[in-house]
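1. Next comes the sequence, and after it the predicted model I'd like to discuss.
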Amino acid sequence: MATKIQIPFDLLPKDGRFGSGPSLVRREQIDRLADGNTPRSPYLIMGTSHRKPPVRNVVGEVREMIARLFNIPDGYEVVLGNGGSTAFWAVATTSLIRKRSAHATFGEFGAKFYEEAARAPFLDEPARFDAPAGQLATVEPVADADVYAWPHHETSTGVISPVERTPGGLCLVDATSVAGGASVDIAQTDAYYFAPQKCFGSDGGIWFAILSPAAIERAQQLHTDADRWMPQFLDLSIAIDNSRKDQTLNTPALATLLMMHAQLEWMLALGGLDATARRSKASTDLIYMWAEHSKFASPFVIDPALRSPVVATIDFEGVDASVVSRVLRDNGVVDVDPYRKLGRNQLRIGAFPSVNPQDVSALLRCIDFVVERL
């Protein structure tokens, strides 16, 4: 039986986690959590007030390290708030879209933000530019649009998009699944936002957004609009004010902050964004090259220029990818299943910066070993 296949120990990766989100968490990040419960630790924040210096110091250091990692332009600010990217879509709907937005949808993230804006009773119907899964859609100028929104990367399909300004409105770029794993010019955006459970190997409960002066001004203007529905939780101007004090409206996810802090230290020590981007691309290049030379596998994204540097989606032919995934899991190699809504016979391999390229090579050898024995 396929499930009885035993992969030799010397073929297995040292770390068998290849999830596309949540992603691999490094041991040093877990150690930081333990350190956060040590009375004399500078990171003693677990179980303490988020309004006091220990927590606010960590928040301030995280904001400063994000600013350094992305080399943000003068006037831009790192803002954080409660919730994840889903919460930020609602925040952007209430606090950044004045009247109408235009969206590129070529996967799950882009479609969800579009749907959020489409449901808002105080906004006009948004424009939408679509592409099938595995291909790329880009926004085009719309005469009355004051916001243009698109994902930098779609985890669901493994497609990456250029980050270039569309004139005439604020440019909001969802970077949840690629921030920290691909180079980007932040000046081409007004909000480059993400949750930390992908490249940053952290956990949920917080969103981060790098905001331009124009985005900050828009949020402050809409805050004063008496006709605008603006709950405090979704009011970006309140999040901006709190972030400037190194805090959040409500108690933040403290473990998430500690793991994020440890990961940012590691990324900067590695050499910053260029270094982490090279590390991830080295892994996905291995996967795409293997798939292109395989008898049973091929890259799902046809255009090499659109292939994700952090999540590789690979189609299988003549081999049941779900069986391969199950055998891998039985041997301690986990979370390479495809995105459920695509319904394709494929594997999806997360290769965020925390993943060692040598482990990716080992994974590919394991896949070949399993397929040969099916």
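-> Perfect, thanks for sending it. Residues are numbered from 1 along each chain as shown.
2. contacts and neighbour counts: CA atoms only from here.
-> Noted.
3. Where is the longest helix in the chain?
-> The helix that spans the most residues within the chain, counting by DSSP state H, is helix 273-292.
4. residues in contact with that helix?
-> Contact partners of helix 273-292, identified using C-alpha atoms under 8 Å, 6 or more residues apart in numbering, comprise 69-70, 180-183, 267, 270, 297-299, 308-312, 314, 351-353, 355-357, 360-361, 364.
5. Of the residues you listed, select the buried ones using a ChimeraX command.
-> Selecting only the buried entries of those in ChimeraX, with 16 or more other C-alpha atoms under 10 Å as the criterion:
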select :69,70,180,181,182,183,267,297,298,299,308,309,310,311,312,314,351,352,353,355,356,357,360,361,364
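6. Double-check that residue 312 belongs to a strand.
-> Yes. Counting by DSSP: H, G, I helix; E, B strand; the rest coil, residue 312 is found in a strand.
7. For the residue lying closest to it once chain neighbours are set aside, give its distance to residue 198.
-> Sequence neighbours aside, residue 349 is the residue nearest to residue 312 in space, at 5.2 Å (criterion: C-alpha to C-alpha, 6 or more residues apart in numbering). Counting by C-alpha to C-alpha, to the nearest Å, the gap from residue 349 to residue 198 is 13 Å.
8. OK, contacts around the nearest residue to residue 201 once chain neighbours are set aside?
-> Spatial nearest neighbour of residue 201, excluding adjacent residues (C-alpha to C-alpha, 6+ apart): residue 25 at 4.8 Å. Applying C-alpha under 8 Å, 6+ apart, we find residue 25 in contact with 201-202, 354.
9. Quick check: next helix or strand after the longest helix of the chain?
-> Using DSSP states H and E, the helix or strand that follows helix 273-292 in sequence is strand 297-299.
10. Need the contact partners of that next one.
-> Residues contacting strand 297-299 (C-alpha under 8 Å, 6+ apart): 288, 291-292, 312-317.
11. Go again with 10 Å.
-> Contact with strand 297-299 is made by 134, 158, 287-292, 307, 312-319, 321, 346-347, as judged by C-alpha atoms under 10 Å, 6 or more residues apart in numbering.
12. quick one: secondary structure of the residue nearest to residue 335 when sequence neighbours are not counted?
-> With sequence-adjacent residues excluded and distances taken as C-alpha to C-alpha, 6+ apart, residue 335 is closest to residue 19, at 4.6 Å. Secondary structure state of residue 19, per three-state DSSP, is coil.
13. Residue 19 contacts residue 336, doesn't it?
-> Yes. Taking C-alpha atoms under 10 Å as the definition, residue 19 is a contact partner of residue 336 at 6.1 Å.
14. Roughly how far does residue 155 sit from residue 180?
-> Applying C-alpha to C-alpha to residue 155 and residue 180 gives a distance of 14 Å.
15. cool, residue 90 as well?
-> 23 Å.
16. Could you tell me which residues touch both of residue 349 and residue 198?
-> 19-20, 310.
17. tell me the pLDDT at the residue nearest to residue 335?
-> What the model reports as pLDDT for residue 19 is 95.
18. Residue 33 now?
-> 84.
19. for it, what are its contacts?
-> Counting by C-alpha under 10 Å, 6+ apart, residue 33 touches 43-46, 254-259, 262.
20. swap the cut-off to 7 Å and go again
-> 255, 258-259 (C-alpha atoms under 7 Å, 6 or more residues apart in numbering).
21. List the buried residues of the host helix or strand of it.
-> Using DSSP H and E, residue 33 falls within helix 27-35. Residues 29-30, 32-35 are the ones in helix 27-35 that count as buried (16+ other C-alpha under 10 Å).
22. And for stretch 83-101?
-> Buried residues in stretch 83-101 (16+ other C-alpha under 10 Å): 83-85, 87-101.
23. and if you look at stretch 45-57?
-> By neighbour count on 16+ other C-alpha under 10 Å, the buried set for stretch 45-57 is 45-46, 50, 54-57.
24. now those in TSV, with pLDDT?
-> Converted to TSV, those look like this (pLDDT from 0 to 100):
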residue	pLDDT
45	81
46	79
50	83
54	84
55	89
56	92
57	91
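25. can you list the weak-confidence ranges in the stretch 51-200 of the chain?
-> In the predicted model of the stretch 51-200 of the chain, no residue satisfies pLDDT under 70.
26. now the strands for it?
-> 77-82, 101-105, 127-130, 147-151, 153-154, 159-160, 170-174, 191-194 (DSSP state E, counting those that start in this stretch).
27. Of all those, which one comes closest to residue 11?
-> strand 159-160 (29.6 Å; C-alpha to C-alpha).
28. Are we agreed that residue 208 is in a strand?
-> Yes. Counting by three-state DSSP, residue 208 is found in a strand.
29. That one: neighbour count?
-> 24 (other C-alpha atoms under 10 Å).
30. For beta bridges, what are the partners of it?
-> residue 80, residue 194 (DSSP bridges).
31. Might you report the residue contacts of it?
-> Residues near residue 208 by C-alpha under 7 Å, 6+ apart: 79-81, 193-195.
32. Could you dump those residues into CSV and include distance to residue 12 and neighbour count?
-> Shown next, in CSV, are those (distance: C-alpha to C-alpha, whole Å; neighbours: other C-alpha atoms under 10 Å):
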residue, distance to residue 12, neighbour count
79, 41, 25
80, 39, 30
81, 39, 28
193, 35, 27
194, 32, 26
195, 30, 28
